[in-house]
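K.L.:
take this sequence and fold it.
(one chain, ligands or ions: 1)
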Amino acid sequence: MERWVIVNPAAGRGKVGRLSGAILRAARERGAKAFLTEGPGHATELAQRAPEGARVVAVGGDGTVHEVLRGIAGTEKVLGVVPIGSGNDFARMLGLRGLPWPLALEHALLAPEEAVDLCRVNGEPFGASLGVGFDALVAKKALSAPPFLRGMPRYLYALFAVLKELRLPEGRLLLDGREVYQGPLLLLAAMNGPAYGGGIPIAPMADPQDGLLSVVLAKRFSRPGVVFILPRLLSGRHLSHPQVEAFSAKAVELDFPYPVPAHADGELLPEARVYRATVEPLGLKVVGRRAGAKGRKPLLRPLEAS
Ligand SMILES: Nc1ncnc2c1ncn2[C@@H]1O[C@H](COP(=O)(O)OP(=O)(O)OP(=O)(O)O)[C@@H](O)[C@H]1O
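P.N.:
Prediction:
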């Protein structure tokens, strides 16, 4: 089996760039082909070029994983991850965080494969998360924040800028073809894993092997309402809020009277009026780690057992 390692030097706010020489060397010493990405979209091209059945390891954060996933979804290639990004929610979903990179690389290259659900939105694959509405608006606003703001201050700036001009769209939500909501909508998250945005536990109940999307709907919120729910969201206590509802479904359709921003795995999608998300149960081969994690109940069944 061929092993390809795709390293994004821009991930982890430059950390991957500083380590890239050592990572490429370590990968090649273990018999893998190793590549540095040259810009956005390159990881997808490289992953597409890997031969059928290859193991393709993404070194970086969720953006890198997302790009590699776009290149391998629907094939027999296996996705491995060395999480060194600023957001590592896909790795978190697989129980892969906390290993120093040399061990994470060793694991990604050599550990047995498992399978998780493969999700798509408007045809585009995603690994851990889809967010429509407020959180995507904040991510979009962060792109145009003053350049001297970085990390958390950049997101706080974007959050308050979006809050200032908050206007909730009217949304209509259908789950498995049945309308479950029509009205003002702050955000909708359709999740394969429990967290997005670098560990925000928006859907603590999500299980990447249940063949379902875990859906969290935040309905009518005022500006102070958004500010007050944030600490509850950060500690996973938001689901009992009267304007928040949780569901699970195989198919999610959300439509609006005008285009509303959305992100998949933290990457902004082309803005659309209608978002349709689906799940292919256990449709993605990955190298996970939950089964072996210390003191943890195994959550990912080995491929043979499914
Ligand atoms: N060589 C490159 N130069 C600049 N950007 C690149 C390069 N290769 C990939 N990228 C882009 O880097 C972005 C960030 O990657 P990733 O999300 O993996 O890292 P991160 O540290 O979690 O970053 P962020 O927190 O900004 O999402 C991706 O959107 C990807 O398109």
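K.L.:
which SS state does residue 91 fall under?
P.N.:
Secondary structure for residue 91, judged by DSSP: H, G, I helix; E, B strand; the rest coil, is helix.
K.L.:
and residue 255, by the same measure?
P.N.:
Residue 255 carries the three-state label strand when classified by three-state DSSP.
K.L.:
quick one: contacts for the residue nearest to it when sequence neighbours are not counted?
P.N.:
Nearest-residue entry for residue 255: residue 274, 4.5 Å, with adjacent residues in sequence omitted and distances by CB to CB, 6 or more residues apart in numbering. Yep, even glycine has a C-beta here, placed from its N, CA and C like the rest. Residues counted as contacts of residue 274 (CB atoms under 8 Å, 6 or more residues apart in numbering) are 122, 253-256.
K.L.:
would you mind listing what in the stretch 51-200 of the chain touches the ligand?
P.N.:
Selection of the stretch 51-200 of the chain residues close to the ligand by CB under 6 Å from any ligand atom yields 60-64, 67, 85-87.
K.L.:
list the contacts for residue 24?
P.N.:
The contact partners of residue 24, taken as CB under 8 Å, 6+ apart, are 5, 7, 34, 36.
K.L.:
of these, which pair is most distant in space?
P.N.:
Every pair in the contacts of residue 24 was compared (CB to CB); the two farthest apart turn out to be 5 and 36, at 9.9 Å.
K.L.:
compare the two (neighbour count), which wins?
P.N.:
Comparing residue 5 with residue 36 by other CB atoms under 10 Å, the one with more neighbours is residue 5, at 26 against 18.
K.L.:
pull up the pairing partners for the helix or strand where that one lies, direction included.
P.N.:
For residue 5, the host element (DSSP states H and E) is strand 3-7. Strands flanking strand 3-7 in the sheet, each with its direction: strand 33-36 (parallel), strand 55-60 (parallel) (DSSP bridges).
K.L.:
quick check: next helix or strand after it?
P.N.:
Where DSSP H and E defines the elements, the next helix or strand beyond strand 3-7 is helix 15-29.
K.L.:
and the angle for that following helix with strand 55-60?
P.N.:
160 degrees (axes from the mean of the first three to the mean of the last three CA atoms, to 10 degrees).
K.L.:
just how off-centre is helix 15-29 within its chain?
P.N.:
Counting by CA atoms, centre = their mean, to the nearest Å, helix 15-29 is centred 24 Å from the centre of its parent chain.
K.L.:
can you pull the buried residues of it?
P.N.:
Neighbour-count burial for helix 15-29 flags 15-16, 19-20, 23-24, 26-27 (criterion: 16 or more other CB atoms under 10 Å).
K.L.:
same check, this time on stretch 173-185
P.N.:
The neighbour-count criterion (16+ other CB under 10 Å) identifies 173-175, 181, 185 as the buried residues of stretch 173-185.
K.L.:
what secondary structure does the closest residue to residue 61 other than its chain neighbours sit in?
P.N.:
Leaving aside its sequence neighbours, residue 61 sits nearest to residue 85 (CB to CB, 6+ apart; 1.5 Å). The assignment at residue 85 comes out as coil when based on three-state DSSP.
K.L.:
quick one, what contacts residue 85?
P.N.:
When the contact criterion is CB under 8 Å, 6+ apart, the partners of residue 85 are 8, 11-12, 16, 60-64.
K.L.:
show me the two of those residues that sit farthest apart.
P.N.:
Across the contacts of residue 85 (CB to CB), the longest gap, 13.0 Å, separates 16 and 62.
K.L.:
quick one, which of the contacts of residue 274 are buried?
P.N.:
Applying 16+ other CB under 10 Å to the contacts of residue 274, the neighbour count classes 253-256 as buried.
K.L.:
what two of these are the furthest from one another?
P.N.:
In terms of CB to CB, the buried ones among the contacts of residue 274 reach their longest pairwise distance at 253 and 256, which sit 11.3 Å apart.
K.L.:
what count of nearby residues applies to residue 266?
P.N.:
25.
K.L.:
pLDDT score assigned to it?
P.N.:
The pLDDT attached to residue 266 in the predicted structure is 91.
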